[in-house]
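**Q** let me see the structure of the following:
(chains A and B)
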Amino acid sequence: AQSVTQPDIHITVSEGASLELRCNYSYGATPYLFWYVQSPGQGLQLLLKYFSGDTLVQGIKGFEAEFKRSQSSFNLRKPSVHWSDAAEYFCAVGAGDKLVFGAGTILRVKS
Amino acid sequence: DAGVTQSPTHLIKTRGQQVTLRCSPISGHKSVSWYQQVLGQGPQFIFQYYEKEERGRGNFPDRFSARQFPNYSSELNVNALLLGDSALYLCASSGREAPYEQYFGPGTRLTVT
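**A** Coordinates of the predicted model:
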């Protein structure tokens, strides 16, 4: 069965520091992978997606993610975090007719 | 362009009651999916509809049902509400060209007391 693991429940980084959020997936075929961001009480906003091709994908708000098939990973990165990046981040894999989400990582930004 | 819209924003129901949630997809999108997000968890897939037909169903009881209308809007119905149905219900739409690329609405917060 398809699954997504986000090992870190909470991460705290200082404003201006770099960020990496981890995501590991389990899926038999070539995966479609996504990162979404959710602010408190809000819906999900698509940050970036990987379907095929270049394994380093760029998204909105300065985020990027790298697909590593050998590690079944799709980690999200940002070189310099802003206070407005504080939110919950979800990794997801497309499976059949649905998206399968991880449990999320809550990002806190300290000034 | 308008994004995915959902109504109502919030509602409070009593155990045993029935509720209907509504969703309008992005213009041009013919697929609508419903997800349930319980506090502290990631969204869980409930249904997907494409061209008014059910394309997929998650592991939810028969108390949950949905339909899609000719204008591609959708309703999610939940009967015999339980306390555990309290959650944020998210609707997402996608186009035929990229069915996995789902765009989400703001959600409906359902509280069952």
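**Q** phi first, then psi, for the residue nearest the centre of chain B.
**A** Centrality entry for chain B: nearest residue to the mean C-alpha point is residue B:34, 3.2 Å, by C-alpha atoms, centre = their mean. Dihedral pair for residue B:34: phi -120, psi 140, per degrees, to the nearest 10.
**Q** my guess is it meets residue B:93, correct?
**A** No. In this structure residue B:34 lies outside contact range of residue B:93 using C-beta atoms under 8 Å: 10.7 Å. (C-beta placed from N, C-alpha, C; glycine too.)
**Q** any common contacting residues for those two?
**A** residue B:23 (C-beta atoms under 8 Å, 6 or more residues apart in numbering or on different chains).
**Q** rewinding a little: confidence score at the residue nearest to the centre of chain B?
**A** Listed pLDDT for residue B:34 reads 98.
**Q** ok, now how distant is residue B:31 from chain A?
**A** 9 Å (C-beta to the nearest C-beta, to the nearest Å).
**Q** how far away from the center of its chain is the longest strand along chain A?
**A** The residue-count maximum for a strand in chain A (DSSP state E) belongs to strand A:87-95. Here strand A:87-95 shows a centroid-to-chain-centroid distance of 6 Å under the convention C-alpha atoms, centre = their mean, to the nearest Å.
**Q** within its sheet, name the partner strands of it and how each one runs.
**A** Sheet pairing for strand A:87-95, assigned by DSSP bridges, gives strand A:32-38 (antiparallel), strand A:98-101 (antiparallel), strand A:105-110 (antiparallel).
**Q** averaged pLDDT, that strand. What do you get?
**A** Strand A:87-95 carries an average pLDDT of 95.
**Q** what does it rub up against?
**A** Residues outside strand A:87-95 that contact it (C-beta under 8 Å, 6+ apart): A:2, A:4, A:6, A:21, A:23, A:25, A:27, A:31-40, A:44, A:47, A:74, A:76, A:99-102, A:104-107, B:42-43, B:100.
**Q** now, of those residues, which are buried?
**A** Among those, those classed as buried by 16 or more other C-beta atoms under 10 Å in any protein chain shown are A:2, A:4, A:6, A:21, A:23, A:25, A:27, A:31-38, A:44, A:47, A:74, A:76, A:99-102, A:104-107, B:42-43, B:100.
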